[in-house]
Structure formats: structure tokens, C-alpha cells
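Peer 1: sequence unknown, structure follows:
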């Protein structure tokens, strides 16, 4: 019978032996070395039945089909847009995935829909290899963003920012009077009064820095509670 | 004349004082500073990013690119800015020392860019660079099998010593220094560069010293990471 050497929720470091025994299975963030299961990332230990996971605290965004992301148009082509979504290689948005109406490419420049520098909420449609990612802006909640600003946090901390059924992000929205959209790629869009935007950004920074601690909601509430 | 007592009064198998800081560069994905004695190395990691030139890309796994450089003010004579022959060689050596510990299979076609600079040099810069780099890579969230500690061991006059200082390297009776990086899991040596003469028996003893030193540094590296994560809690 295998044994887990850390408590659930403990912070582990790369090279830490987290468990021993062949009946336990290494999953994300771990690898097997003989009898032992070893962590590969700085992260939080999670165990489900006999599967050992380490949820990383830091790391690059790895796109998955279906993720809602925030991107920035960096190039407008003849029949597509190139969008930076924080991955090593930018994503491609084809006309048919970008707009719902018929577009006569001979007559219309794609600038009409999305210009260079525009921010969009998109969904990952297809990922063939890391150099070719296709996204779409057709679907519920997917749109062009106007105004506001973007801040970047570690992608793995987005679930913490959103909270249970959006509790955390809704609290920040209500208390700072801003609109916030979080992309799975770690880009967070904040829109509102400039001072409110700054305050929301600070609150998100607290979450980013303390995502692995207990009682995070109270801390953020305390930070925001001072003034309405 | 033999070497009875070390210039700085350390025991022969004692490390210089070590100071480690994580997350010193805010704009980098991961960063670390490693100070051992008067040697200071600072490392920053960018990426994974796209790789140029394109022929370096590997569709099977990510690549690691290392830029090691010494600051102009790091040595007593002004070092010419930019990488020289030695810097390019050490970049390669550091890359080889770190690569066996990294798991880059999940990052195909991409490159991890590691920049490591020596702010102050007093012997053992490549070891300090390896120590700082492995911490910066861990902070950047690059999957790895283990952290990589590194330390120099060698011979000063007729004594085997651990972690030579510049003074000892320039000992009038000659000195040999041997840099060693080790993956503690399985005690795999990933870097061994030597400069000077040493006998078979002495080499084995120096290796023993270095392994012990590496394990001490490894402990300090982990402590520093834990402390950094605790600090984030505040």
C-alpha cells in the first residue's frame, strides 16, 4: 500500500518525493522514479483516489480546446487576423470564425471588424500543434472589448480569481464598480473608472501573490472594504 | 610550505556564506539571485517563446537557450561588455548542466530563454550561475526532475578544499579547481570542468567534498523557495 508523504493542499517543490508505492499513479505535475512519485513543479498537492496531482503555482499557459481567452489583434491579413493570446505562437482567427455575416473580401477590408490593437474575447477552436492555434469569436460571451485595460496573471491562478461560481470576481466587480473578464490564458480585462480599475488591479495582484493561502476571500474583502 | 589554514578561516570542507533570493526581477517569468561569498549571480527566465532562427526548433520538445555574461564591473579589470569566448563556452556548459534536469516534452517547438549575469565575481561563477538558473527555472514553472545545485572543489597547494575563493585560486603554490553540478536525485553529475593538475585519489576526495557541498546548497535552495512562497502569503 502506497503512502503519500505530504498533506493534501501542501506546497511541494520540484524534486520533492510526494508519495511512495506502485499503487499510486503520477498525474499532472509529477513523474515516477522507481517506487517514488516526484513533483516537477512548485505547486499544491492534490489527491483523487490513487491519482497524485501537483497543481502548479507558476508556469506558462498551455492552450486547450474550449478555453475562453482574451487576445490582442496583432496583424490583419487578407482573410484572417493574427491574435496574441499569451502563447509562444500567436493564434489565427479566420473570417468565418470571426464574423457571422457574409464578407466580400474583394471589397471589404477586415479592418472593419477588428483592427490591429483591438482586444477580443475568444474561444480556442482547434490546436494542431503549438505553432498553429485557431480561435473563434462566434459564441455566447465572445466579443470585441472596448476601453479598459489588461493585466496578466499566472494562468493557474485564474480559478482562484473567479472563485466558487464566480464569488471572488463578482465581489471585486461589485465593490470597485468595474467590469472584469478573465481569460483562461491569464489575461484579465478590467474596465471602469480609472481609479476603480487601479483598485481592482491591486485586488487581483493580491490574489495572484497569495493564491495558495487560506482565507483569501477575507483578505481581498478587507482590502476592498475600506472604501466603497 | 603547505596550506594549513584557509585565508578566510573556513574549514576545508565548508562553504562560503550563501544568500538566495527568488523573484528579484518582476518582468521575468522567473528569476533568482544566488550569492556565495563575494560571487553574485542573477538569473531571469523568459518564455517559453517562439524560437528563432527556425532551424533550432524541435517538434519533439522545447529547447533551452542560455546567455551567460559577466558584468563590466564584476571583475577588478573592466570586462568588455558583451559575451566573449569564455562567456559563450560557459553558456553552453550551463545549458548542458541544466538540461538533464528539465522536462521540456510538453513545450514542443518553443524555447525557454535563460539569462544569467554575474554581478560580482570571486571564483565559482559558473556554479553560482547554475544554482541561480535552476531556481529561476523553477520559479518560471518549467517542469523539472529536480533542482540543480553546483559547487567547486579542488586542491590548494597540497590540501583538498571545497568552494575555492579567488585568493585560493591564485595561491602561489598552484591550485586546481573543479566545478561540479549535480542532480541530487540519483546523484547524477551534469557538469564537471577542471582546471589544473590533480591525482586520481585527490580527485575522488574532491568529488566527495563537492557532493556534500551540493547537498548543502540543495537544502538551502529548497529553504529559499519555501521562504519565498511564505513571503508571498504575507
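Peer 2: Structure received. This is a predicted model, so every value here is computed, not measured. Numbers count the residues shown, from 1 in each chain, chains lettered A, B, ... in the order given.
Peer 1: the residue of chain B found nearest chain A: neighbouring residues, count only.
Peer 2: In chain B, the residue that lies nearest chain A is residue B:141 (2.7 Å; CB to the nearest CB). Placement of C-beta: from N, CA and C, glycine included. By other CB atoms under 10 Å in any protein chain shown, 25 other residues sit near residue B:141.
Peer 1: with the one 3 residues further on instead?
Peer 2: Residue B:144 is surrounded by 24 other residues when neighbours are defined as other CB under 10 Å.
Peer 1: residue contacts, it?
Peer 2: Applying CB atoms under 8 Å, 6 or more residues apart in numbering or on different chains, we find residue B:144 in contact with A:14, A:15, A:40, A:41, B:101, B:102, B:103, B:134, B:137, B:138.
Peer 1: now with 10 Å?
Peer 2: Applying CB atoms under 10 Å, 6 or more residues apart in numbering or on different chains to residue B:144 gives the contacts A:14-15, A:31, A:39-42, B:98, B:100-104, B:134, B:137-138, B:183.
Peer 1: quick check: mean pLDDT of stretch B:74-91?
Peer 2: Stretch B:74-91 shows a mean pLDDT of 93.
Peer 1: give the buried residues for it.
Peer 2: With burial defined by 16 or more other CB atoms under 10 Å in any protein chain shown, the residues of stretch B:74-91 counted as buried are B:74, B:79, B:87, B:90, B:91.
Peer 1: helix, strand or coil for the fourth one?
Peer 2: When you say that, I think you mean residue B:90. helix (DSSP: H, G, I helix; E, B strand; the rest coil).
Peer 1: ok, and the closest non-adjacent residue to it?
Peer 2: residue B:68 (4.7 Å; CB to CB, 6 or more residues apart in numbering or on different chains).
Peer 1: residues near the one residue in chain A that gets nearest to chain B, how many?
Peer 2: The minimum distance from chain A to chain B, using CB to the nearest CB, falls at residue A:59 (2.7 Å). The local packing of residue A:59 (other CB under 10 Å) involves 23 other residues.
Peer 1: what's the pLDDT at it?
Peer 2: Predicted confidence (pLDDT) for residue A:59: 91.
Peer 1: quick check: buried residues in the longest helix seen in chain A?
Peer 2: The longest helix of chain A (DSSP state H) is helix A:194-210. Across helix A:194-210, burial judged by 16+ other CB under 10 Å covers A:196, A:197, A:199, A:200, A:201, A:203, A:204, A:207, A:208, A:209, A:210.
Peer 1: that helix near chain B at all?
Peer 2: Yes: residues of helix A:194-210 contacting chain B under CB under 10 Å from any CB of the partner chain: A:208, A:209, A:210.
Peer 1: verify the stated contact: the second one with residue A:157.
Peer 2: Yes: under the criterion of CB atoms under 10 Å, residue A:209 is in contact with residue A:157, at a separation of 9.2 Å.
Peer 1: and the nearest residue to residue A:177 once chain neighbours are set aside, what's its pLDDT?
Peer 2: The spatial neighbour of residue A:177 that comes closest, neighbours along the chain excluded (CB to CB, 6+ apart), is residue A:196 at 5.2 Å. Turning to residue A:196, the model gives it a pLDDT of 91.
Peer 1: how about the contacts made by residue A:196?
Peer 2: Residue A:196 neighbours (CB under 10 Å, 6+ apart): A:175, A:176, A:177, A:178, A:179, A:190.
Peer 1: repeat that with 7 Å
Peer 2: A:176, A:177, A:178 (CB atoms under 7 Å, 6 or more residues apart in numbering or on different chains).
Peer 1: the longest helix of chain A: what's the following helix or strand?
Peer 2: Using DSSP states H and E, the next helix or strand after helix A:194-210 towards the C-terminus is helix A:216-225.
Peer 1: what comes up buried for the strand ranked longest in chain A?
Peer 2: Scanning chain A for the longest strand, with DSSP state E as the assignment, gives strand A:119-129. For strand A:119-129, the neighbour count (16+ other CB under 10 Å) marks A:119, A:120, A:121, A:122, A:123, A:124, A:125, A:127 as buried.
Peer 1: from the chain's centroid, how far away is whichever helix or strand comes after that strand?
Peer 2: Following strand A:119-129 in sequence order, the next helix or strand is strand A:132-136 (DSSP H and E). Strand A:132-136 sits 16 Å away from the centroid of its parent chain (CA atoms, centre = their mean, to the nearest Å).
Peer 1: try stretch A:35-46
Peer 2: Mean C-alpha position of stretch A:35-46 versus that of the full chain (CA atoms, centre = their mean) differs by 22 Å.
Peer 1: what's the span of it from first residue to last?
Peer 2: Counting by CA to CA, to the nearest Å, you get 19 Å between the two ends of stretch A:35-46.
Peer 1: then stretch A:42-54?
Peer 2: Start-to-end, stretch A:42-54 (CA to CA) is 8 Å.
Peer 1: what does stretch B:38-50 contact?
Peer 2: So stretch B:38-50 is in contact with A:60, A:88-89, B:24-25, B:28-34, B:62, B:107, B:110-125, B:128-129, B:132-133, B:136-137, B:140, going by CB under 7 Å, 6+ apart.
Peer 1: kindly recompute the last result at 6 Å.
Peer 2: Residues outside stretch B:38-50 that contact it (CB atoms under 6 Å, 6 or more residues apart in numbering or on different chains): A:60, A:88-89, B:25, B:28-34, B:62, B:107, B:110-120, B:122, B:124-125, B:128-129, B:132-133, B:136-137, B:140.
Peer 1: same deal with stretch A:100-119?
Peer 2: By CB under 6 Å, 6+ apart, stretch A:100-119 touches A:72, A:73, A:76, A:79, A:81, A:95, A:99, A:138, A:144, A:145.
Peer 1: now, those residues that are in strands?
Peer 2: A:72, A:73, A:76, A:81, A:144, A:145.
Peer 1: buried only: go through those residues for me.
Peer 2: Those of these that meet the buried threshold are A:72, A:73, A:76, A:81, A:145, by 16+ other CB under 10 Å.
Peer 1: most widely separated two among the residues you listed?
Peer 2: The largest separation in those, counting by CB to CB, is between A:76 and A:145 at 16.8 Å.
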